[in-house]
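K.L.:
Quick one: sequence and predicted model below, then my questions.
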Amino acid sequence: MEAVHKAMEKLATAVGGGGDKTQYTGGNLGGKKIVTSHGVSVNADKDPDHTMRAVTWQGAKNIAVEERPRPLVTDPKDAVVRITSTAICGSDLHLYLGAATGMEKGDILGHEFMGIVEAVGPECTKVHVGDRVVASFDIACGECRSCSHKAYSSCDVTNPSKDQEMLYGHRTAGLFGYAHITGGYEGGQADYVRVPFADFNLLHLPSDLPDNKLLLLSDILTTAWFSTDLGEVGPGKTVAIWGAGPGGILAAHCSQVRGADKIILIDNQQYRLDHAASKIKGLETINFDKEKVKTAIERILPGGPDVCIEAVGFHYCKSLHHAVMMKGGTIACIGVYVGRVNGFNIGGLMEKGLTLKAGQTPVQKYWTQLLDMVRSGKLDPTLVITHEMPLEDAPHAYKIFNDKADGCIKVVLKTGAAKPEAALASPAKA
Ligand SMILES: NC(=O)c1ccc[n+]([C@@H]2O[C@H](COP(=O)([O-])OP(=O)(O)OC[C@H]3O[C@@H](n4cnc5c(N)ncnc54)[C@H](O)[C@@H]3O)[C@@H](O)[C@H]2O)c1
Ligand SMILES: [Zn+2]
Ligand SMILES: [Zn+2]
């Protein structure tokens, strides 16, 4: 704490504040200042002179685009980023549907975003004004015990939520633009966002690739890779993936890049299965509305797959036991679950000696390696991007993504600070 206070004093001097007027004593334009037990500010101080557009949560299935004050550098290790591109994630749908607890009316959404650094705090050494960067969706300090084990999504420092501690016995990392159990940090579906511990939570990007190739390093590409890492996917392994959203399709892409022998993708959205099959050579698909999954898997892979990847998530949940039933092996679960779901069959897990791994993706552990693979052309995250629209159209974007309408798989929102992307995976229909 001592060090944090010293750092704050230093920043106050650097920004010309001091004494009672420092930004740490409640100068949040009338808002209550929230600080974690480690002295990290959750809510940003605001620029009294400038506003921005922000996508906000107003309640279940109610998204607005509002004018909000711009965030300022608040802690010494912060940066403020001017957003160029920001995506809607499957995890945003849990919020959209009102299925996740801890949202408050007016919360700014968005945890998958990139842009240009607009301002930095005095203790940033790696990021500079003008840098092109992508942010990790989880906010890690880079130094605590969890971070020293590369468990960045479990960072001990960045989440003030007591509810989270009650739910899981320990707080996980703060997340951008998510429910207040993950901190209540403002999100990146906006023109500007404040990024705490900017040196650690922003990755420098090359200038020679378009936003759409790089944006999904923030979350869903990295999450897909994480699922295949948890599942130890590689040559000699067969993989079944539940969910043909962006996460599942990219998990299939990553499985192929890692040399899996056979990949099966399961969903009931035929257009998503067809899209994936058209992009990933040799992919087998199962529509669970048309065929019993167990029968179809036995037909394609007698004896069942070595690895099952769960890329669905709790708001769709019927049960997990169809995945657990198959045979010994590994289940890599990337779906988000809150508490106990559908009487999860823990007996099946134990008796059959299955391995179940799960987690919020520790983005910073993987993103440098993945950036190299995107640069070399080995990985192509754009294969899931079907729609691109201006930030103002966020309410429509959320609707078509949730409703599986208009062929939607992944939407990227543009602030106008970015050049339009030339080639989409399959151009959006009008
Ligand atoms: N672990 C992490 O860090 C992390 C990061 C990003 C996303 N996620 C989670 O990953 C999941 C997938 O994300 P997404 O962006 O692809 O979401 P999405 O909602 O677009 O995709 C989910 C897909 O699952 C399908 N589905 C529903 N019920 C099914 C069932 N019983 N069997 C098979 N498929 C079924 C849906 O039709 C949909 O196509 C979400 O739960 C999201 O919250 C986790
Ligand atoms: Zn996400
Ligand atoms: Zn940490």
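P.N.:
All right, it came through fine. Numbers count the residues shown, from 1 in each chain. Ligands and ions are numbered 1, 2, ... in the order given.
K.L.:
and stretch 153-162, how far from the chain's centre?
P.N.:
For stretch 153-162, the distance from its own C-alpha centre to the chain's C-alpha centre is 16 Å (Cα atoms, centre = their mean, to the nearest Å).
K.L.:
Check stretch 176-193 too.
P.N.:
For stretch 176-193, the gap between its own C-alpha mean and the chain's C-alpha mean amounts to 11 Å (Cα atoms, centre = their mean).
K.L.:
tell me the average confidence for that stretch?
P.N.:
Here stretch 176-193 scores 95 as its mean pLDDT.
K.L.:
With just CA atoms, put it into PDB.
P.N.:
Taking Å, rounded to 0.1, in the frame of the first residue of the first chain, the C-alpha atoms of stretch 176-193 are listed here in PDB:
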ATOM      1  CA  PHE A 176     -13.300  -4.600 -18.900                       C
ATOM      2  CA  GLY A 177     -17.000  -3.800 -19.500                       C
ATOM      3  CA  TYR A 178     -18.300  -6.800 -17.600                       C
ATOM      4  CA  ALA A 179     -20.500  -7.200 -14.600                       C
ATOM      5  CA  HIS A 180     -19.600  -5.700 -11.200                       C
ATOM      6  CA  ILE A 181     -18.500  -9.000  -9.900                       C
ATOM      7  CA  THR A 182     -15.500  -8.600 -12.200                       C
ATOM      8  CA  GLY A 183     -14.900  -5.100 -11.000                       C
ATOM      9  CA  GLY A 184     -17.200  -2.800 -12.900                       C
ATOM     10  CA  TYR A 185     -14.500  -1.300 -15.100                       C
ATOM     11  CA  GLU A 186     -15.800   0.700 -18.100                       C
ATOM     12  CA  GLY A 187     -15.600  -1.200 -21.300                       C
ATOM     13  CA  GLY A 188     -14.200  -0.600 -24.800                       C
ATOM     14  CA  GLN A 189     -17.300  -0.300 -26.900                       C
ATOM     15  CA  ALA A 190     -16.700   3.400 -26.900                       C
ATOM     16  CA  ASP A 191     -14.600   6.100 -28.400                       C
ATOM     17  CA  TYR A 192     -12.100   6.000 -25.500                       C
ATOM     18  CA  VAL A 193     -11.300   3.700 -22.600                       C
END
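K.L.:
buried set for that stretch?
P.N.:
The neighbour-count check on stretch 176-193 (16 or more other Cβ atoms under 10 Å) flags 176-193 as buried. For glycine as for every other residue, the C-beta is placed from the backbone atoms N, C-alpha and C.
K.L.:
Ligand 2 versus the residue of the stretch 201-350 of the chain found nearest ligand 3, what's the distance?
P.N.:
Among all residues of the stretch 201-350 of the chain, residue 201 sits closest to ligand 3, at 10.5 Å; criterion: Cβ to the ion. According to Cβ to the ion, to the nearest Å, residue 201 and ligand 2 sit 15 Å apart.
K.L.:
Does that residue touch residue 140 like I think?
P.N.:
Yes: using Cβ atoms under 8 Å, residue 201 makes contact with residue 140 at a distance of 6.4 Å.
K.L.:
residues contacting the residue of the chain at minimum distance from ligand 2?
P.N.:
The minimum distance from the chain to ligand 2, using Cβ to the ion, falls at residue 89 (3.1 Å). By Cβ atoms under 8 Å, 6 or more residues apart in numbering, the contact list for residue 89 reads 111-112, 137, 219-220, 246.
K.L.:
Read off the pLDDT value for it.
P.N.:
Note for residue 89: predicted pLDDT of 98.
K.L.:
What's the biggest strand in the chain, counting residues?
P.N.:
What stands out as the longest strand in the chain, according to DSSP state E, is strand 46-59.
K.L.:
downstream neighbour of it in the secondary structure list?
P.N.:
Next in sequence after strand 46-59, counting helices and strands by DSSP states H and E, comes strand 62-71.
K.L.:
Show me the buried residues of stretch 176-193 that map onto strands.
P.N.:
Those of the buried residues of stretch 176-193 lying in strands (DSSP E): 192-193.
K.L.:
Kindly identify which of the buried residues of stretch 176-193 also come near ligand 2.
P.N.:
Subset of those in contact with ligand 2: empty, counting by Cβ under 5 Å from the ion.
K.L.:
shared neighbours of residue 201 and residue 140, which are they?
P.N.:
residue 364.
K.L.:
residues touching residue 160, list them.
P.N.:
Contact analysis of residue 160 by Cβ under 8 Å, 6+ apart lists 34-37, 42, 171, 174, 183-184.
K.L.:
Now list the buried members of the residues you listed.
P.N.:
Neighbour-count burial (16+ other Cβ under 10 Å) applied to those gives 35-36, 42, 171, 174, 183-184.
K.L.:
Among those, name the ones in helices.
P.N.:
In helices, judged by DSSP state H, none of those are found.
K.L.:
Just give me the closest of the residues you listed to residue 107.
P.N.:
Proximity of the buried ones among the contacts of residue 160 to residue 107, judged by Cβ to Cβ, is greatest for residue 184, which lies at 7.1 Å.
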